[in-house]
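# what's the 3D shape of this:
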Amino acid sequence: MLKARVLTALFLLILFVPIFLLLPALDLYLSFIVILSIAAWEWGRFLWPSKKSTPIAYAFLTLICLTWLLGQHEGFFDTPVVSSMSYIFQYPIYLAVLVWLFIVPFFLKKSLSIPLPKWIPFLSILGFIIFVGVFCAAIVLRDESRWLFLGVIGIVWCADIGAYFFGRKLGKNKLASNISPGKSWEGVLGGILIVGLFIGIVFSLISEPRFSIFSALLIGFFLAIMSVVGDLFESLIKRIAKVKDSSNLLPGHGGVLDRIDAILPVLPMAALLLKVIL
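Numbering: from 1, shown residues only. I've put the predicted structure just below:
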C-alpha cells in the first residue's frame, strides 16, 4: 500500500508540476476540467451507488458547464473574451464560499445522523456549486498570477503534509473521531506550523511582496484550516455513503476526490480574499 501510494504521488508530481509551472494557463484550465469532471462522477457515485448512468450524467453536466465557462473566458464561441472578474466567474465563487462557511459546518455538526437518501437532491446541487466554484476560483487566481496560484496550492500541500506527519508521530487528541478517526488536533497544528514555515520561506525569496507577512500568515492559517474542513466534509459524505474511498482510480490514494478534497474550499476562499485585499 505504501509503495503504491508513493509511486502514485510521484506520477502525479511528474504529470502536474510541468502543467503548473511551464505550460500556458489554458492547459491548466483544461486539466482542471478533466479532474473536476472525474471528481463529479465520484460524487455522483456517493449519491447514486446503484445507478451507473446517473453519476456519468452528473459528471457530463459538470463537464459541459465548466467547458462553457472556459469558452467564455477564452472566447471560444465567437464571443468577446469574458474577464475572470466578471459576475459569470465571481458569483459561483460567492456561492461556494457560502457553502463552505455555513452549509458544510451544518453537515459536520449533524455528523453521521444525516440520512443520505433524504439529502440526495440537496447534495447533488451542493456538489455542483462546489465544483463550479472551485473552477472559477482557479481561473481567477491563475489569471492574477501563476505564482499566486502555486502559493495557494502550496499552502494546501504543506497543511496536508504537516498534518500527516505530525498526526502520525504526535496525534493523541482526535479531531472528529466519528468522521475521520485518523485526524488529530496535533496534526492540524502541525499542518499550520508547516504552512507558517512555507510562507516564511516564500517571503524570504520575494523582494517586494504585495502584502505584509503578518497578513500572509493570517490568510495562510485560515486557508490551512479550511483545507481540513474540506477533508472532513468529504470523509463525512463517504461515511454516510458507506464507502472507504471515492474510487480506486489512484492506487494507494483512492480516487480523485480523495486527493483534491482539501483544495475545494481553499481556492474559492483565496479568490474572495484576493478581491477583498487587492
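# neighbours of Ser37, just the number please.
Neighbourhood size, Ser37 [other CB atoms under 10 Å]: 21. For the C-beta atoms, the positions are set from N, CA and C on the backbone; glycine is no exception.
# Run the chain-centre distance for the longest strand along the chain.
Longest strand of the chain, by residue count under DSSP state E: strand 180-184. Distance, stretch centre to chain centre, for strand 180-184: 19 Å (CA atoms, centre = their mean, to the nearest Å).
# again with stretch 255-268
Chain-centre distance of stretch 255-268: 2 Å, with CA atoms, centre = their mean.
# quick one: buried residues of the longest strand of the chain?
Buried residues in strand 180-184, counted by 16 or more other CB atoms under 10 Å: 180, 183-184.
# Please apply the same query to stretch 88-108.
89-90, 92-97, 99-100, 104, 107-108.
# hmm, back to that, okay, now the sheet partners of the longest strand of the chain, with direction.
Looking at strand 180-184 with DSSP bridges, its partner strands are strand 174-176 (antiparallel).
# which other residues reach the partner strand?
Strand 174-176 has contacts (CB atoms under 8 Å, 6 or more residues apart in numbering) with 108, 111, 181, 183-185, 187-188, 228, 232, 235.
# farthest-separated two in those residues?
Within these, Ser111 and Gly187 form the most distant pair, 19.1 Å apart (CB to CB).
# more neighbours, the two?
Using other CB under 10 Å, the more surrounded residue of Ser111 and Gly187 is Gly187, with 26 against 14.
# Could you pull up the residues touching Asp258?
234, 245-246, 250.
# swap the cut-off to 7 Å and go again
With contacts defined as CB atoms under 7 Å, 6 or more residues apart in numbering, Asp258 is in contact with 245-246.
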